[in-house]
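Enquirer: sequence plus predicted model, see below.
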Amino acid sequence: MKKISGFYLRNRMTSLSLKKKNQLIRVRRLMIAGLIASAFGNSVVEAGFDATTAAGLVAVGFLVAIKTLEQIAVFFFPLYARVVSRYSPDSALIGVDLAETLLSFVAVILIVTNTLPSAIVLTLFVLVDSLLAPISDIADEFYGAVLADVDEDIALGFNAFLYSAVATLGFVVGGPLGSYFASMSIVTLLVANIFLSLGGAAFRLYARHEWAAPPLEESDDEDWQATGESMPVARFFKDLFLSGPASPLLSLLIRVASALTGELFLLWAARTIGDSNFVSSAYSGMGVVLVVFGVAAAVGPLLASWVKKKTNVEFVLRLTAFGAAALIMSFVAYTHFATINSFAILSFIFIIVVLNRIRVVVLETYRQVVFKGKQFARIMSWSYSFGAVGTLIGLQVGYFTDLAFNPTVSLLIAVGLWTVIGLVVTIPNSFYSRSETSLKE
C-alpha cells in the first residue's frame with residue numbers, strides 16, 4: 001500500500017465530505033474509548049505501586065528511578081516517533097495493549113509461582129511498561145492533529161473530553177481501587193490490567209475496522225534529531241525561541257515546576273494525611289489524594305474549553321503561571337504558621353492540578369492547530385523531549401531536597417520557576433505573530 005504523509009493526509013481531510021468527517025469523529029470516539037480502557041488499567045497498577053511506596057514496601061529511590069527512566073524514554077520521543085510513523089497509529093496502539101496484556105500475564109505467573117516477591121514483580125512491571133508509554137502518546141498526538149485540521153473547536157472539545165474522562169476513571173476510580181488492591185493483593189492489580197488492556201485493544205480494533213489510519217510518515221530525517229541525524233542550527237533555534245507558547249524551551253521550564261508538585265509531593269501528602277485522624281493508613285491516604293487529584297484533573301480540561309474561548313493562549317499561560325506561584329507561596333506560609341490539616345492539603349492539590357490541566361489542554365490544542373506537517377512533528381517531538389528533561393530535573397531536585405518528607409524547599413523553588421514562566425510569557429503578541437510567520441514552511 002502506498003504510504004501517505006501526515007501533511008498530505010491532514011490537508012486532504014479539510015476537503016472531505018460531511019459523511020467522512022462524521023466517520024472520523026466516530027472513529028476518534030472509539031479510539032478515545034480504547035485509550036480510556038487502557039489508561040484505566042495503567043492507573044490501577046500505578047496507583048497500587050504508589051500506595052506500596054507510600055506504605056514503605058518499595059523504597060522512594062526506586063520510584064524516582066522508574067520515573068527517571070520514564071522521562072528518559074520520553075526524551076527519545078523523536079526516535080519512537082520515527083519508528084511508529086512507519087506504521088498505522090491504530091495498529092501501534094493495539095500492539096501496545098496486547099504487549100501490556102502479555103506483560104501482566106507473565107507478572108502474575110511470577111507471583112503465583114513464588115519466583116519473585118510481589119513488590120519486586122510490580123516494580124519491574126511498571127519499569128518495563130514505562131518504555132511502552134511513548135507509543136500511545138505519539139499515536140494520540142497524530143490523531144489530534146488530524147482532527148484539528150477538520151475543526152479546531154472539535155479538536156479542543158475532544159482533547160478536553162479525553163483528559164477529563166481519563167482523569168475521572170484513572171484517578172477518581174482507578175486511584176482508590178489500585179490503592180485498595182495493593183493492600184490486599186498485587187495479583188488482582190495485574191489481572192485487572194489484563195482485562196482492561198484487552199478491552200482497549202477491542203475498541204481500537206473496531207475503530208480500525210471503521211477507518212484504518214494510514215502510516216504518518218513525515219519523510220525528513222532532520223525532524224528526528226534524537227535519532228542522530230544532523231539538524232540545521234537555524235531551524236533548531238527557531239523551534240526553541242520562535243515558536244511562541246509552544247516553545248520546547250518553555251515546555252522544559254513548565255515541566256520542572258510541575259514536577260515539584262507532582263509524584264513526590266503526593267507521597268508527602270499521602271503520608272501526612274495517613275498520619276492524621278482523617279484516614280487510617282498511608283494506603284488510604286494515597287487513595288484519598290488520588291481521588292482529589294482525579295476530580296481536579298477532570299474539572300481542569302472542562303474549564304480549559306471555556307477559558308480558551310474567552311481569551312488567548314498567552315493570557316492562559318500567564319494566569320496559570322502566576323496563579324500557581326501565588327498558590328504555592330500561600331501554602332508554604334500556611335504550613336509554617338498554622339497546624340497542617342488534611343482539608344488544606346487536599347484543597348491545594350485540587351487547585352494546582354486544575355491550573356496545570358487547563359494549561360496542558362490549551363497548549364496541546366494550540367500546537368495541533370498552529371503547526372502543520374513536518375513543523376508539527378518537529379515542534380511536538382522537541383516539546384516532549386525538552387519536557388522530559390524538565391521532569392527529570394524536577395524529580396532530581398525534589399529527591400535531593402527531600403520533597404517526599406518535607407516539601408518546603410522544593411515548593412519555594414517552584415514559586416520562583418512559575419514566576420519566571422509568567423514573566424517570559426508576557427512577551428508582546430506581535431513577537432509571536434512574527435515568529436509564527438517566519439516558521440511557516
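Expert: Happy to help now that I have it. Numbering: from 1, shown residues only.
Enquirer: now Ala55. Its backbone dihedrals?
Expert: phi -80, psi -10 (degrees, to the nearest 10).
Enquirer: what number of residues lie near it?
Expert: 20 (other C-beta atoms under 10 Å). For the C-beta atoms, the positions are set from N, CA and C on the backbone; glycine is no exception.
Enquirer: quick check: it vs Tyr283, distance?
Expert: 6 Å (C-beta to C-beta, to the nearest Å).
Enquirer: okay, and the common contacts of these two?
Expert: 182-183 (C-beta atoms under 8 Å, 6 or more residues apart in numbering).
Enquirer: Gly262 is in contact with Tyr399, isn't it?
Expert: No - with contacts counted by C-beta atoms under 8 Å, Gly262 stays clear of Tyr399, the gap being 11.8 Å.
Enquirer: tell me where the model's unsure across the chain.
Expert: 1-18, 20-21, 24, 143-158, 171, 213-244, 277-280, 372-375, 377, 426-441 (pLDDT under 70).
Enquirer: just to revisit the earlier point, neighbour count for Gly262 and Tyr399, which is higher?
Expert: Neighbours were counted for Gly262 and for Tyr399 using other C-beta under 10 Å; Gly262 has more, 22 against 19.
Enquirer: tell me the contacts of the more buried one?
Expert: 391, 394, 398.
Enquirer: so which of these are in helices?
Expert: Mapping the contacts of Gly262 onto helices (DSSP state H) picks out 391, 394, 398.
Enquirer: just name the closest of these to Leu423, please.
Expert: Gly394 (19.3 Å; C-beta to C-beta).
Enquirer: could you measure from that closest one over to Ile72?
Expert: Separation of Gly394 from Ile72 (C-beta to C-beta) stands at 14 Å.
Enquirer: the more surrounded of those two?
Expert: Per other C-beta under 10 Å, whichever of Gly394 and Ile72 has more neighbours is Gly394, with 29 against 15.
Enquirer: surely the more buried one and Thr261 touch.
Expert: No - taking C-beta under 8 Å as the definition, Gly394 is not a contact partner of Thr261, at 9.2 Å.
Enquirer: shared neighbours of the two, which are they?
Expert: Contacts common to Gly394 and Thr261, judged by C-beta under 8 Å, 6+ apart, are absent.
Enquirer: spatially nearest residue to Ser91 (excluding sequence neighbours)?
Expert: Arg208 (7.0 Å; C-beta to C-beta, 6 or more residues apart in numbering).
Enquirer: regarding this protein, what is its longest helix?
Expert: Assigned via DSSP H, the chain shows its longest helix as helix 18-54.
Enquirer: next SSE after that one?
Expert: Next helix or strand after helix 18-54 toward the C-terminus (DSSP states H and E): helix 60-75.
Enquirer: identify all contacting residues around that following helix.
Expert: Helix 60-75 is contacted by residues 49-50, 53, 80, 123, 126-127, 130-131, 133-134, 137, 226, 263-264, 267, 384-385, 387-389, 391-392, 395-396, 399, 404 when judged by C-beta under 8 Å, 6+ apart.
Enquirer: any idea how far Val425 is from the nearest residue to Ala55 once chain neighbours are set aside?
Expert: In space, and not counting its chain neighbours, Ala55 is closest to Ala282: 4.9 Å by C-beta to C-beta, 6+ apart. Between Ala282 and Val425 the distance is 38 Å, computed by C-beta to C-beta.
Enquirer: so who does Gly294 touch?
Expert: 167-168, 170-175.
Enquirer: recalculate using a threshold of 10 Å.
Expert: 43, 47, 164, 166-176, 353 (C-beta atoms under 10 Å, 6 or more residues apart in numbering).
Enquirer: closest to Val289 out of the contacts of Gly262?
Expert: Of these, the one sitting nearest to Val289 (C-beta to C-beta) turns out to be Gly398, at 16.1 Å.
Enquirer: I figured that closest one hits Thr408, correct?
Expert: No - the pair Gly398 / Thr408 is not scored as a contact, 11.8 Å apart, by C-beta atoms under 10 Å.
Enquirer: show me which of these two is the more surrounded one.
Expert: Higher neighbour count among Gly398 and Thr408: Gly398, with 29 against 14, using other C-beta under 10 Å.
Enquirer: so what's the more buried one closest to, chain neighbours aside?
Expert: Closest to Gly398 by C-beta to C-beta, 6+ apart is Leu264, at 4.4 Å.
Enquirer: quick check: buried residues in stretch 81-100?
Expert: The neighbour-count check on stretch 81-100 (16 or more other C-beta atoms under 10 Å) flags 81-82, 84-85, 87-97, 99-100 as buried.
Enquirer: tell me the strands in the stretch 251-400 of the chain, going along the chain?
Expert: With DSSP state E, counting those that start in this stretch as the definition, the stretch 251-400 of the chain shows no strands.
Enquirer: can you show me the helices along it?
Expert: In the stretch 251-400 of the chain, the helices defined using DSSP state H, counting those that start in this stretch lie at 263-274, 282-310, 313-337, 342-370, 373-400.
Enquirer: which one of the ones you listed lies closest to Ser185?
Expert: Nearest to Ser185, of all the helices of the stretch 251-400 of the chain, is helix 282-310, at 12.9 Å by C-beta to C-beta.
Enquirer: report the central residue of the protein.
Expert: In the chain, the residue lying closest to the centroid (C-alpha atoms, centre = their mean) is Asp137, at 8.0 Å.
Enquirer: list the contacts for that one?
Expert: Applying C-beta under 10 Å, 6+ apart, we find Asp137 in contact with 74, 77, 80-81, 84, 380, 384.
Enquirer: tell me which element it is part of?
Expert: Assessed by DSSP H and E, Asp137 sits inside helix 133-150.
Enquirer: from the chain's centroid, how far away is stretch 392-403?
Expert: 19 Å (C-alpha atoms, centre = their mean, to the nearest Å).
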